[in-house]
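**Q** Pasting a predicted model and its sequence here:
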Amino acid sequence: MSSRPLPQLRRRVTTEEAFGPPLTPEELTGSLSKLERRLNKEMKCTAGRNQVFIRSLLTGTGTTRPRIALKCPLRRDIGQPADVFYEHIRDICCRDPDQCEAWRNFKARHVAT
């Protein structure tokens, strides 16, 4: 019986994608817990409901600064990086999900019954 390699389901995340864009002034000066709760409350995209969290990564010498993040399963489905950060969450997920390619793809695949 020969063993076949498993198909690559997820692409590898680059270092730049893992750390994300620079922190915004809101993330640097505001309460991340309050920001997290507000974004979860304002979420319009069904894939992101109650999925916003505060994230900090381990590095070789410590940790990164905490920041607002969301792992979007819809983006993963179309091969985009699943991690999105504060500005995307605020501008797209909480205001106008129709601007998101992953959301439009999801709506096209699933017809409301």
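**A** Thanks, I have it. Numbers count the residues shown, from 1 in each chain.
**Q** Okay, helices next: where are they in the chain?
**A** In the chain, the helices defined using DSSP state H lie at 15-19, 25-29, 32-42, 73-77, 86-88, 101-109.
**Q** Buried deepest among those, which one?
**A** helix 86-88 (a mean of 19; mean count of other CB atoms under 10 Å). C-beta: built from backbone N, CA, C; applies to glycine.
**Q** what does that helix rub up against?
**A** If you take CB atoms under 8 Å, 6 or more residues apart in numbering as the criterion, helix 86-88 is touched by 21, 24, 26-27, 35, 39, 67-69.
**Q** Please tabulate those in JSON lines and include distance to Val52 and pLDDT as additional columns.
**A** Shown next, in JSON lines, are the contacts of helix 86-88 (distance: CB to CB, whole Å; pLDDT from 0 to 100):
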{"residue": "Pro21", "distance to Val52": "16", "pLDDT": "89"}
{"residue": "Thr24", "distance to Val52": "14", "pLDDT": "92"}
{"residue": "Glu26", "distance to Val52": "13", "pLDDT": "93"}
{"residue": "Glu27", "distance to Val52": "12", "pLDDT": "93"}
{"residue": "Leu35", "distance to Val52": "8", "pLDDT": "96"}
{"residue": "Leu39", "distance to Val52": "5", "pLDDT": "97"}
{"residue": "Arg67", "distance to Val52": "11", "pLDDT": "94"}
{"residue": "Ile68", "distance to Val52": "6", "pLDDT": "96"}
{"residue": "Ala69", "distance to Val52": "7", "pLDDT": "96"}
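**Q** Can I get those in TSV including distance to Gly48?
**A** Shown next, in TSV, are those (distance: CB to CB, whole Å):
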residue	distance to Gly48
Pro21	18
Thr24	18
Glu26	18
Glu27	17
Leu35	14
Leu39	9
Arg67	16
Ile68	12
Ala69	11
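**Q** Can you check what angle separates the biggest strand by length in the chain from helix 32-42?
**A** For the chain, the strand that runs over the most residues, judged by DSSP state E, is strand 67-71. Strand 67-71 runs at 40 degrees relative to helix 32-42, counting by axes from the mean of the first three to the mean of the last three CA atoms, to 10 degrees.
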